[in-house]
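>>> structural data only, the sequence is not supplied:
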């Protein structure tokens, strides 16, 4: 049923920017990315039990330090070795308690495979100067410009406060 819904969504809707997507936040409420028009977005697929989990701290620092320029949005996903096994409530509590996360988090999604969330189907196929294709691991990052277009994509090892990212803000 999920596969059919995804196929119908992709068939009958052709998003032109990230702002065309509505997702659910970590509390299950509708969350429209268009509310961030005019700011850059850094979209990140996250996980609580990964070697890169400590990047939550840098993501929060980036969100605080560059709040006038960029909004960080985390998308918890359990696609890689079961490294995000928790419920939405558990994920939210973990992020808050361990890293002081206040930036927006979506509900847990899939970032690859047949049940890939539509936003990640879109992001992984958009042209950019870096690369396209399937997400390889947790904490890949997608930098979106003020008009909702993907401008850069970074693999997991690129840290949120690295010059590769901050110089583009």
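Arrived safely, thanks for sending. Everything numeric in this text was worked out from a predicted model, so none of it was measured. Numbering: from 1, shown residues only.
>>> so where do the strands sit in this protein?
22-24, 30-32, 40-46, 70-76, 141-144, 150-154 (DSSP state E).
>>> what is the least confident helix or strand in this structure?
Within the chain, no helix or strand scores below helix 2-12, which has a mean of 58 by mean pLDDT, DSSP states H and E.
>>> wait, residue 49 touches residue 78, no?
No - assessed by CB atoms under 8 Å, residue 49 is found out of contact with residue 78, at 9.6 Å. C-beta here means a position set from N, CA and C on the backbone, and glycine is covered the same way.
>>> what residues are shared contacts of these two?
Listed as contacting both residue 49 and residue 78 by CB atoms under 8 Å, 6 or more residues apart in numbering are 84-85.
>>> higher neighbour count, the two?
Neighbour count, other CB atoms under 10 Å: between residue 49 and residue 78, residue 78 has more, with 19 against 15.
>>> list the residues that contact residue 86.
48, 76, 94, 108.
>>> mean pLDDT, mean neighbour count and distance to residue 169 for the strands of the chain - can I get that in TSV?
Output for those, formatted as TSV (pLDDT from 0 to 100; neighbours: other CB atoms under 10 Å; distance: least, CB to CB, whole Å):
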stretch	mean pLDDT	mean neighbour count	distance to residue 169
strand 22-24	94	15	23
strand 30-32	93	12	22
strand 40-46	98	24	6
strand 70-76	98	24	5
strand 141-144	98	23	8
strand 150-154	97	20	11
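>>> could I get those in TSV, plus columns for distance to residue 64?
Formatted as TSV, those follow (distance: least, CB to CB, whole Å):
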stretch	distance to residue 64
strand 22-24	23
strand 30-32	20
strand 40-46	13
strand 70-76	9
strand 141-144	17
strand 150-154	20
